[in-house]
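S.K.: Here is a sequence with its predicted model. Questions after.
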Amino acid sequence: MRVLFVCLGNICRSPTAEGVFRRELDAAGLTGRVEVDSCGVGPWHVGKAPDPRACAAARRRGIELSDLSARQLCAEDFQRFDYLLAMDHDNLAALKRLRPSDCRAHVGLFLDFAGKENRPVPDPYYGGEQGFEEVLDLIEEASRGLIEDIGRRLEVL
């Protein structure tokens, strides 16, 4: 099972989701059964580490993001991943535009797994520290819902 988190530049929301989700997988005993990655729809930050504010907020919750580096979404991602989860509607629109017709992956909004259908993870980039904390809260909640969904799917396999 493979999960890809997608945001605009891959320096705030999607690497935070990657880090949080790895922790949740570990807690659920699924670490070896699920591969996790993150990317951005744009090329602006390719090769860069996550935003220092995202790293600091995650570190306060025991999650390390500094070893991650930004990359851009590529065509192979649609074949490689089972879930491509967008952080907001613009990211989702980009995924749907680029999605090949033979793609069998689940492509949708990440917060749908938190029972917050059609809601975006807000972009904290231009805000203050509280925005990064809110993003972490939302991502933690959605991660638990995604773990439940994956758990059901893995039991069927």
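M.R.: Sure thing, it's come through. Residues are numbered from 1 along each chain as shown.

S.K.: ok now the longest helix anywhere in the chain, how far from the chain's centre?
M.R.: In the chain, assigned by DSSP state H, the helix with the most residues is helix 129-156. When distances are taken as Cα atoms, centre = their mean, to the nearest Å, helix 129-156 is centred 9 Å away from the chain's centroid.

S.K.: Give me the buried stretch members for that helix, please.
M.R.: 131-132, 135-136, 138-147, 150 (16 or more other Cβ atoms under 10 Å). (Glycine included, C-beta is placed from N, CA and C.)

S.K.: my guess is Tyr125 meets Thr16, correct?
M.R.: No. Contact criterion Cβ atoms under 8 Å: Tyr125 and Thr16 do not qualify, at 11.6 Å.

S.K.: Please, where are all the helices along this protein?
M.R.: Ranges of helices in the chain, per DSSP H, are 13-28, 52-60, 77-80, 89-98, 129-156.

S.K.: ok, how many other residues are close to Arg23?
M.R.: Arg23: 17 surrounding residues under other Cβ atoms under 10 Å.

S.K.: Next one, pLDDT for Val156 please.
M.R.: Note on Val156: pLDDT of 49.

S.K.: Tell me which of Tyr125 and Thr16 has more neighbours.
M.R.: Taking other Cβ under 10 Å, Tyr125 and Thr16 do not tie; Thr16 has more neighbours (32 against 16).

S.K.: Great, nothing more from me.
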